[in-house]
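K.L.:
Quick check, what structure comes out for this input:
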Amino acid sequence: MDLRGRTLGRYRLTRLLGRGGMGTVYLAEQTLTGARVAVKVLHPSLAREARLRARFDAEARTVNLIGHPSIVRVFDINESEDGLHYFVMEYLEGTPLSRLPRPVEPGLVAWLLAQACDALEAVHRGGVVHRDLKPDNLLMVERPGERPTLKVLDFGVARALHDPGNQEQTMAGQVFGTPAYMSPEQWTGLRVDGRADVYSLGVTGYQLLTGQLPYPRGQLAELVLSPEPPPPLRPPHKLAPAVPEALSRALLRALARNPADRFASALELKKALLAAVQSTHPPACPFPLSPVARAADAAAAPARSN
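P.N.:
Numbers count the residues shown, from 1 in each chain. I've put the predicted structure just below:
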């Protein structure tokens, strides 16, 4: 269903930005002021189910309750006269990390993931787990003369840690997330906490630095669900010599199969990431940028799937 040209409330949808499991995101203009925003519309086929409508609305409320500068802002939640459910977000011109040419410079990876950790620390303190962190949902924003900043997107499958009303999201056999980036406990349908997001950031960092995932896609289910421990991962610095060994160690700890062996919090992971590159990229110096697709091109093209 292509809604380009439609007007929802005070917003005219002008361009398709991307599609996800829950909804479609459009660039839109406020009809009175011309201000640009992003509008996420729940897939009409999903809007028939009350629990899915509730989860869609919960995404917008979750983002607003956290209110962190590294998380995309939501301005409005509404329903059109013909039953389209949507919410309105700030429009960000930037580059999804999935579009960065790999391998990415280690200092830049550490800097961007550290900002993701800041956002996650706020998310987890608010009693929420994102559950779908991946390069497509992490947006790098560049401004002239400034270090790049990062925004965390798409809380469509986020879950409250202590919400008795959320039992439908933890029933046996229900798994939410993107397989290549999901923690082992997500694969098995167990309840998760913030350490699941730490794992997903570990996968993202490993992929950005080496150009490959920690485990081959075709073997993921077998490796994760096997009662036997998987073979040791190749450290990132063995695959990409520019990676500091300390950064390798931090990512391998984030990727531990047992949550108890990972960093206990996103803040701990942030400290390890920045410490690992501090000697090669002092905080006072801007981190060098790898060449990236320009913001306008990245916004116009759908992000590649990972």
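
K.L.:
any idea how far residue 39 is from residue 15?
P.N.:
From residue 39 across to residue 15, the span is 11 Å (C-beta to C-beta, to the nearest Å). Where you see a C-beta, it was placed from the backbone N, CA and C, and this is true even at glycine.

K.L.:
With residue 257 instead?
P.N.:
From residue 257 to residue 15 the distance is 42 Å (C-beta to C-beta).

K.L.:
Over to residue 30?
P.N.:
15 Å.

K.L.:
got a list of what residue 239 touches?
P.N.:
209, 210, 211, 212 (C-beta atoms under 8 Å, 6 or more residues apart in numbering).

K.L.:
Can you turn the buried part of those into a PyMOL selection?
P.N.:
Restricted to buried positions by 16 or more other C-beta atoms under 10 Å, the PyMOL selection for the contacts of residue 239 reads:
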select buried, resi 209+210
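
K.L.:
mind listing the strands for the stretch 151-300 of the chain?
P.N.:
159-160 (DSSP state E, counting those that start in this stretch).

K.L.:
surely residue 90 meets residue 73?
P.N.:
Yes - between residue 90 and residue 73 there is a contact at 4.6 Å, judged by C-beta atoms under 8 Å.

K.L.:
which stretches of this structure have low pLDDT?
P.N.:
156-177, 218-219, 221, 224, 279-306 (pLDDT under 70).

K.L.:
what does the domain assignment say about this structure?
P.N.:
7-90, 95-300 (automatic domain parsing).

K.L.:
how about a markdown table for the contacts of residue 239, with distance to residue 241 added?
P.N.:
Converted to a markdown table, the contacts of residue 239 look like this (distance: C-beta to C-beta, whole Å):
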| residue | distance to residue 241 |
| --- | --- |
| 209 | 11 |
| 210 | 11 |
| 211 | 13 |
| 212 | 15 |
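
K.L.:
Roughly how far does residue 92 sit from residue 108?
P.N.:
Applying C-beta to C-beta to residue 92 and residue 108 gives a distance of 18 Å.

K.L.:
Tell me where the chain has helices.
P.N.:
Applying DSSP state H to the chain gives helices spanning 50-66, 106-125, 184-187, 194-210, 220-225, 236-239, 245-254, 266-277, 295-300.

K.L.:
who has more neighbours, residue 92 and residue 108?
P.N.:
The neighbour count for residue 92 versus residue 108, taken as other C-beta atoms under 10 Å, is higher for residue 108 (23 against 16).
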